[in-house]
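*Asks:* Fold the following for me, if possible:
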Amino acid sequence: MLSSNHPNQTSATQEQKLRRRRYQKGSLQARKHGKKRVWVVQYYDADGHHRYHTLGRIADLTKSQAQEEQVAFMRTINGGDGERQEVRPVLVSEFVNQVYLPFQRGKWKSSTKGTSENRIKVHVIGDLGNRQLESFTPTGLQAYLESKAVTHGFSVVDHLRWDLTSICELAVAEKLLTTNPAKTLYTPPTAKKGECPVMTAVDVENALGAVEHREKVILHLAIFSGLRPGEMLAIQRRNVSADGSAVVIEQRVYRGELDAPKNGETRTVAVPPRTAALLVEWLGTAVDPEPNAWVFASENRETPLWRDNLLRRHIRPALEKVNLGWVDFKVMRRTNASLSHGAKVDPKVSADQRGHGIGVSLDVYTKSNIQQKGVAAKKLEDSIYRRKVVPMERRKAS
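*Replies:* Take a look at the predicted model:
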């Protein structure tokens, strides 16, 4: 279990070590209290809870004066001017909320920010927020991951391992920890991996026959060209070649926000003939002629479709009628990789189409079926039994 000893229960050396902490600067803000506008300073109390303190009315204090009041008030929160008066070690919730998340938000994309920040707040802060940062140990953190593996799947636990490593790494850089206690963590083997279903060729045919024209174009692009949903929905008319045989991916959309493509790189994706024909037909009948028109626009035509609405309202209901309700965009992406592998498409070309490295392509997205495994096993067996066997006596004679 993670240590939760209070500083006064430790030795003098340990107590001196735990007394190191990061001072808060506080956040000066203007707020409205009733009919009055006031200056307040936000900070975290001793238990890591968000608090605020009213400094005075804006009518009575200039911003510079309010900032002076802020410094004076935060001095009382931080324990005075002298290092000897520091009395409390840094809590995990303080460090994550005040340092780690603001730092990471500067480089996270919108999609990463939404998932990662929520996971960290629910699990790391929710479970460990009131722990002292310096109480972390490798064995204690590993025990925490083991406990999460009992109730959560491999993906959540594996991401938490990365989160803890990253948090502690930044704490070392900020000189709040001397070493990274999460550096040697591993994802427990007890963390169950969820199923990674892949569509068969028959499934693909049934799915394409079950959906409407717009959704058929989208499924074609996902399954045969390997596009991510955010990339597809961010395509504008100008991104599509005249014959529909190529699409330039220069942006993606997540929850209504446009962002750079995955890995920040623009790429051109090839579109096979049947898919290209469907795409050109869709452009000619349902898409505004302006170069910046969204190829898959929402009802107001001013914004692109939302992925979740598209899947929940249009794709999944149609697929459920042919027993394919389990199919989502992740399944389509794995299907693209797996069927490409089965069709003996060059792995590097296939990975470039999907916009990721060949290692990710083979290890994560490509799934071999039992028929392919059987063929591989037979090839290995035949390589032994079909070779020319030289009798032992002849070998000795030579």
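*Asks:* Show me the strands in this protein, by range?
*Replies:* 27-33, 36-44, 50-57, 246-249, 252-254, 257-259, 267-270 (DSSP state E).
*Asks:* State the paired neighbours of the fifth one in the sheet, together with their directions.
*Replies:* So the one you mean is strand 252-254. Its sheet considered, strand 252-254 pairs with strand 257-259 (antiparallel) by DSSP bridges.
*Asks:* Could you do the third one as well?
*Replies:* In the sheet containing strand 50-57, its partner strands are strand 36-44 (antiparallel), by DSSP bridges.
*Asks:* Contacts for the partner strand next, please.
*Replies:* Taking contacts as Cβ atoms under 8 Å, 6 or more residues apart in numbering, the residues outside strand 36-44 that touch it are 24, 26-32, 50-59, 61, 63, 66, 69-70, 73-74, 77, 91, 93-94, 97-98. C-beta here means a position set from N, CA and C on the backbone, and glycine is covered the same way.
*Asks:* Go again with 10 Å.
*Replies:* 24-33, 49-63, 65-67, 69-71, 73-74, 77-78, 91, 93-94, 97-98 (Cβ atoms under 10 Å, 6 or more residues apart in numbering).
*Asks:* in that strand, what's buried?
*Replies:* Neighbour-count burial for strand 36-44 flags 38-41, 43-44 (criterion: 16 or more other Cβ atoms under 10 Å).
*Asks:* Pull the contacting residues for the residue minimising distance to the centre of the chain.
*Replies:* Residue closest to the mean C-alpha point of the chain, counted by Cα atoms, centre = their mean, is residue 112 at 4.1 Å. Residue 112 makes contacts with 104-105, 254, 259, as judged by Cβ under 10 Å, 6+ apart.
*Asks:* Filter those residues down to the buried ones.
*Replies:* Counted by 16+ other Cβ under 10 Å, the contacts of residue 112 give 104, 254, 259 as buried.
*Asks:* Would you reformat those as CSV and include pLDDT?
*Replies:* Formatted as CSV, the buried ones among the contacts of residue 112 follow (pLDDT from 0 to 100):
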residue, pLDDT
104, 89
254, 82
259, 84
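*Asks:* which one of those residues sits closest to residue 241?
*Replies:* Nearest to residue 241 out of the buried ones among the contacts of residue 112 is residue 259 (Cβ to Cβ; 23.5 Å).
*Asks:* Would you confirm that that closest one contacts residue 252?
*Replies:* Yes. Residue 259 is within contact range of residue 252, at 5.7 Å (criterion: Cβ atoms under 10 Å).
*Asks:* Just the local confidence number for residue 366, please.
*Replies:* Confidence at residue 366, expressed as pLDDT, is 49.
*Asks:* Going forward, count from 44.
*Replies:* Shifting the count to begin at 44 puts that one at residue 409.
*Asks:* Just give the closest residue to residue 306, not the sequence neighbours.
*Replies:* residue 398 (7.0 Å; Cβ to Cβ, 6 or more residues apart in numbering).
*Asks:* now the one you found: how far from residue 201?
*Replies:* According to Cβ to Cβ, to the nearest Å, residue 398 stands 22 Å off from residue 201.
*Asks:* If you count surrounding residues, which of the two has more?
*Replies:* residue 398 (21 against 18; other Cβ atoms under 10 Å).
*Asks:* List the contacts of the more buried one.
*Replies:* Going by Cβ under 10 Å, 6+ apart, the list of residues near residue 398 reads 269-271, 274, 292, 295, 304-306, 308-310, 312, 404.
*Asks:* From residue 307, how far off is it?
*Replies:* The value you get for residue 398 to residue 307, if Cβ to Cβ is used, is 11 Å.
*Asks:* same deal with residue 176?
*Replies:* For residue 176 relative to residue 307 (Cβ to Cβ), the value is 32 Å.
*Asks:* Same drill for the two, tell me which one is more crowded.
*Replies:* Neighbour totals were compared for residue 176 and residue 307, and residue 176 leads with 24 against 8 (other Cβ under 10 Å).
*Asks:* Isn't that one up against residue 223?
*Replies:* No. The pair residue 176 / residue 223 is not scored as a contact, 11.8 Å apart, by Cβ under 10 Å.
*Asks:* got the buried residues for whichever helix in the chain runs longest?
*Replies:* Longest helix in the chain by number of residues (criterion: DSSP state H): helix 197-216. Using 16+ other Cβ under 10 Å as the test for burial, helix 197-216 gives 197, 199-204, 206-211, 213-214.
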